[in-house]
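1. any chance you could fold what I've pasted below:
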Amino acid sequence: MNEKQAQQKGYRFTGDYERDKEELKERAQEYKKQGYKIIICTVPDSPLSRSGVGVGYSIYAESKYFIDEEIKKLTQRLDQIDNRKQTALDEYNKKVVEIEEEKTTIETRLKEIDQ
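-> Predicted coordinates for the structure are as follows:
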């Protein structure tokens, strides 16, 4: 099957590409173990490529895979929110302390000059 046929069936490129089909089959098994339907597509080299013209192979997966990946990423980002908020608050408090220290220094210097 080629890329266009896979896309017409609703499959999308996973980012896995190899010239060696056997190596790609091993990765394909990992997707299958996770319960996803996948297709290995033959991808011809571009005729404009400097390397010799040949073929490679790509893994295309059903949309469920991409939905699960997005859920995983969004969940991770959500889990990081409290830490990010705390870091931002710590940075803010540090800046406020620096500004207060600068204010004290300026007031002290003004008193010294005024005397």
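2. report the separation between the residue nearest in space to the middle of the chain and residue 82.
-> Geometric centre of the chain, nearest residue: residue 73, 7.8 Å, by C-alpha atoms, centre = their mean. As judged by C-beta to C-beta, to the nearest Å, residue 73 and residue 82 stand 17 Å apart. From N, CA and C alone the C-beta is placed, and that goes for glycine too.
3. follow-up on the earlier one: check the residue nearest to the centre of the chain and give its pLDDT.
-> If you check residue 73, the pLDDT there is 97.
4. cool, and residue 102?
-> pLDDT at residue 102 comes out at 97.
5. and it, its phi and psi?
-> phi -60, psi -40 (degrees, to the nearest 10).
6. now swap in residue 23 and tell me
-> Dihedral angles (degrees, to the nearest 10) for residue 23: phi -70, psi -40.
7. contacting residues around it?
-> Applying C-beta atoms under 8 Å, 6 or more residues apart in numbering to residue 23 gives no contacts.
8. right, I'll call it a day here.
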